[in-house]
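# Show me how the following folds:
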Amino acid sequence: MNKNIELIKHIPIFSQLDQVSLEKISSITIEKKYRKGTIIFMEGDKGEALHFIKSGKIKISKASSDGRELILNIYGTGDVFAEVTLFNNVMYPATAEVMEDAVIGIIMNVDLEELVRQNADLALQIIKILNKRLYMSQMKLKQMALSDTYVRTAQILIKLADDHGVEKNGAIDLKLDLSRQELANMIGTARETVSRALSQFKKEGSIDISGKKIIIKNMDKLKAWLQS
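You can find the predicted model right below:
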């Protein structure tokens, strides 16, 4: 099995497909390389393709009504994005920006739709992943409405640790170059408010901070905020 098929197989949408289906998907996959800071697509552009990350990190964000950036997620190797445009004549609902040099697999919607017509397993997997993403979006909105800033900040740090953290000497290094403003945009609050929460976490020994670098020293203390 070549590397491209092996990577495609680990994408949730395609993970249960047989070898023949994987080879068909691989045959319609386009590979593109992007430099850090490149915009892959803008919110409002015509939605034309599903994207998956072969290497690198991608930031997904939206513009708020007052022009501020709201970061919806940060994706890494193996993650899928822009699948919301599948089977819909819609625009991209958010902007995708390269956070570090990336290699992206691109599957055009028209090509994938043709495969789906011929493959019921593929159709079922796509339905499942879209339902999961919808559920996660609803939960995030609920958390933003009900949780205070310290709780939301702890939640984001825990998620980033799960998705991008590297464990070393009993601590977890968040391998992300996130500014305080970008972190605030993910949480949906002001930069100053996030800075206060981070300062509190550092004071209690949950995390350590050095510039943009955040190290989680005590995950149990951080998770305790979710129970408060």
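# C-alpha only now, for contacts and for neighbours.
Will do.
# Now residue 113: closest residue in space, sequence neighbours ignored.
residue 87 (7.1 Å; Cα to Cα, 6 or more residues apart in numbering).
# actually residue 80, not the one I wrote
residue 52 (4.3 Å).
# about what we covered before: residues near the residue nearest to residue 113, how many?
Residue 87 has 12 neighbours, counted by other Cα atoms under 10 Å.
# Helix, strand, or coil at it?
coil (DSSP: H, G, I helix; E, B strand; the rest coil).
# Residue 201 versus the residue nearest to residue 80, what's the distance?
Plainly put, residue 52 is 34 Å away from residue 201 if you go by Cα to Cα, to the nearest Å.
# Which one's more surrounded, those two?
residue 52 (26 against 23).
# backbone phi and psi for residue 66, please?
Backbone torsions of residue 66, given as degrees, to the nearest 10, read phi -100, psi 10.
# no, scratch that, I was asking about residue 50
phi -90, psi 140.
# which residues touch it?
Applying Cα atoms under 8 Å, 6 or more residues apart in numbering, we find residue 50 in contact with 80, 81, 82, 83, 85, 86, 106, 107, 108, 109.
# which residues touch the first one?
When the contact criterion is Cα under 8 Å, 6+ apart, the partners of residue 80 are 11, 50, 51, 52, 53.
# And for the last one, the neighbour number?
One way to gauge burial is a neighbour count; for residue 53, by other Cα under 10 Å, it gives 23.
# what pLDDT does it get?
We have a pLDDT of 92 for residue 53.
# and it, what are its phi and psi?
phi -100, psi 120.
# Was I right to think it contacts residue 82?
No - Residue 53 is beyond contact range of residue 82, at 11.4 Å (criterion: Cα atoms under 8 Å).
# ok, back up a step: in terms of model confidence, name the weakest of the contacts of residue 50.
residue 86 (79).
# Tell me the spacing between the residue lying closest to that one once chain neighbours are set aside and residue 49.
Distances taken as Cα to Cα, 6+ apart place residue 109 nearest to residue 86, at 6.0 Å, with adjacent residues excluded. Look at residue 109 and residue 49: by Cα to Cα, they are 5 Å apart.
# can you list residues touching both of those two?
Common neighbours of residue 109 and residue 49 (Cα under 8 Å, 6+ apart) are 85, 86.
# Let me see the domain layout of this protein.
Under the TED database, the residue ranges defining each domain of the chain are 3-127, 145-225.
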